[in-house]
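# what follows is a predicted protein model with its sequence.
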Amino acid sequence: RYRSLFENNHMPMLLIDPAGGAIIDANPAACRYYGWPREEFTAKKISDINTLPLREINRNLNLAGTQKRNHFIFKHRRADGSISDVEAFSGPIQFKGKSILYSIIYDITDRIQMEQTLRQTEKLDSLGILAGGIAHDFNNLMTVVQGHLDVALLSLPDDHPVSASLQTAQEAVEKTRDITSRLITFSRGGSPLLKVMRIQHLLAETARHSLKSSNIDLTLPAESDLWPAEIDEMQIKQCFCHLVDNAGEAMPEGGSLAISAENVYITEADALPLVEGPYLKIIFQDSGVGISAEHIARIFDPYYSTKPMSRDKGMGLGLAVCHSVLKKHGGYITVSSEEGQGAAFSLFLPAKPGALVEEEPQIVEPAPAPQRILIMDDNADIRRILEIYLEKLGFLVVAVAEGQETIRQYREAKETDDPFTAVFMEISVKQGLGGEATLSRLLNIDPELKAVPILSQHSDSRAQKFLDLGFKDVLGKPFRLEDMKRLLNTLLDS
């Protein structure tokens, strides 16, 4: 009876001699799972498959034999050299007059992977609470600095000796946008603003730009019928940029980076935390130093880095950003690497086979006739910057601090047949009516209202919601004159 239970059990079962760790017997399920024939398997010791040091193995055998513990988590080596996470339930039994151990083995590799993914998500969510507040205050300050630099440059001739210094300062401010964008991308904010597009050009442009001054050989995907994807262009571009930069840092003396892409259909059999369906699989394969087993489990942790801190290295944000960007898009990122053998990062982006690709709006200059713009922001410095920008672009501007005054100004302008062309409004104000409530009332006055929210970064996750509410576009802090110009071109052209 017990032999039948042993032989026919679908779970791997082992009989082990606790005295020396010899594997006395293995049922057919164990032989299939581990990959050794029964004769070869029963010639091994438990130390041949358990990756723990021998001292730890003997200690656990003793615990199981004395029934002080019967549940264990191990990493077991299989015949093909792979390592799997297993859960073992062990205890003593009498066998041919001798006390030995039985072990029932469960493979928990997928469970461990899901738990790691969950812990990763919890880390990112916790960091997001802090990141949102920091980015909000920081971007308000940078908007004011950026604005006054623009104003100063517009007031000087191009050959003025101070212009070069101001442009350098402007470039530095531009880099702060990237830093806060990284924070927001893997915080609770940063939800993607999606549009259907093809990724080939974006991928090639990003890779070439990032490696333009390096001695790395770049191979790009051949022209093929890749499915379009529904993506946030800026976030995916940022993800591509981080992966290319990461590869470059792994090859300081030069090397090769091969980027490939293909259409794939993911099913449950692929054992990936993805919904079944069509995906783009993009692989970044470098010939760099690789990633050690010690570090590979933590490379997607925020602020984890093996590089020394310096001006450009050691921030430890790039791969965490990629992880979060892909997750927010309903995708996934994996890594395969061995120390000294390079690394391969595989990205999975949900694809839209047969979807209509959105065309970029045609850029036209704002109409030369003066049009009126209404601004609502409780920060006087930002109101002033917006006024300067819009006046430079040829608009007449009225600026107010909160929603009730915005509604009054808009209603009076419409009643006197001198309406505002558009309204820019801060979503979060400290006192008075905020942007969301103000929009609702303005739409009752004018259903054709062209309104744009000024988003603090901690609210950026709700950007798509604002578009659904009736806003025509979004303006995120910090912004520049060129950002305002592009937005108005699109808004007025629509």
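Received, thanks. Being a predicted model, the structure only gives us computed values, none of them experimental.
# and for Val474, the neighbour number?
A count of nearby residues for Val474, using other Cβ atoms under 10 Å, gives 19. (Each C-beta comes from the backbone N, C-alpha and C, glycine too.)
# that one and Val452 touch, don't they?
Yes. Assessed by Cβ atoms under 8 Å, Val474 is found in contact with Val452 at 6.6 Å.
# so, low pLDDT: which residues of the stretch 1-150 of the chain?
Along the stretch 1-150 of the chain, the parts satisfying pLDDT under 70 run over 120-136.
# now the helices for it?
Along the stretch 1-150 of the chain, counting by DSSP state H, counting those that start in this stretch, helices occupy 2-8, 28-34, 38-41, 54-65, 109-154.
# flag every buried residue along the first one.
The neighbour-count criterion (16 or more other Cβ atoms under 10 Å) identifies Phe6 as the buried residues of helix 2-8.
# centre of the chain to that helix, how far?
The chain centre lies 49 Å from the centre of helix 2-8; the measure is Cα atoms, centre = their mean, to the nearest Å.
# likewise for the shortest one?
Relative to its chain's centre, helix 38-41 lies at 46 Å (Cα atoms, centre = their mean).
# what does the fourth one give?
How far helix 54-65 lies from its chain's middle: 42 Å, per Cα atoms, centre = their mean.
# tell me what that helix is packed against?
The contact analysis (3 or more Cβ pairs under 8 Å, 6 or more residues apart in numbering; DSSP states H and E) places helix 54-65 against strand 83-95, strand 98-107.
# CA-only coordinates of the particular helix or strand that has Asp483 in it in CSV, if you can.
For Asp483, the host element (DSSP states H and E) is helix 481-493. What follows is helix 481-493, C-alpha atoms only, in CSV (Å, rounded to 0.1, in the frame of the first residue of the first chain):
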residue,chain,number,x,y,z
LEU,A,481,8.6,78.9,-23.7
GLU,A,482,8.9,76.2,-26.4
ASP,A,483,6.6,73.9,-24.4
MET,A,484,4.0,76.6,-24.3
LYS,A,485,4.4,77.3,-28.0
ARG,A,486,4.0,73.7,-29.0
LEU,A,487,0.9,73.2,-26.8
LEU,A,488,-0.8,76.4,-28.2
ASN,A,489,0.0,75.3,-31.7
THR,A,490,-1.8,72.0,-31.1
LEU,A,491,-4.6,73.6,-29.1
LEU,A,492,-5.5,76.3,-31.5
ASP,A,493,-5.0,74.1,-34.6
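# which of the helices of the stretch 1-150 of the chain sits closest to Thr406?
Nearest to Thr406 among those is helix 109-154 (19.5 Å), distances taken as Cβ to Cβ.
# who are the packing partners of the helix holding Asp483?
Here helix 481-493 touches helix 380-392, strand 422-426, strand 475-476, going by 3+ Cβ pairs under 8 Å, 6+ apart.
# so for that helix, what gets flagged as buried?
Across helix 481-493, burial judged by 16+ other Cβ under 10 Å covers Leu481, Met484, Lys485, Leu487, Leu488, Asn489, Thr490, Leu491.
# so what's Gly340 closest to, chain neighbours aside?
Among residues not flanking Gly340 along the chain, Gly290 sits closest, at 5.2 Å (Cβ to Cβ, 6 or more residues apart in numbering).
# contacting residues around the one you found?
Taking Cβ atoms under 8 Å, 6 or more residues apart in numbering, we find Gly290 in contact with Ala250, Ser337, Glu338, Glu339, Gly340, Gln341, Gly342, Ala343.
# now those residues in JSON lines, with neighbour count, secondary structure and pLDDT?
Formatted as JSON lines, the contacts of Gly290 follow (neighbours: other Cβ atoms under 10 Å; DSSP: H, G, I helix; E, B strand; the rest coil; pLDDT from 0 to 100):
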{"residue": "Ala250", "neighbour count": "20", "secondary structure": "coil", "pLDDT": "85"}
{"residue": "Ser337", "neighbour count": "22", "secondary structure": "strand", "pLDDT": "84"}
{"residue": "Glu338", "neighbour count": "12", "secondary structure": "coil", "pLDDT": "81"}
{"residue": "Glu339", "neighbour count": "14", "secondary structure": "coil", "pLDDT": "80"}
{"residue": "Gly340", "neighbour count": "10", "secondary structure": "coil", "pLDDT": "81"}
{"residue": "Gln341", "neighbour count": "13", "secondary structure": "coil", "pLDDT": "85"}
{"residue": "Gly342", "neighbour count": "22", "secondary structure": "coil", "pLDDT": "88"}
{"residue": "Ala343", "neighbour count": "23", "secondary structure": "strand", "pLDDT": "89"}
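# sounds good, over and out.
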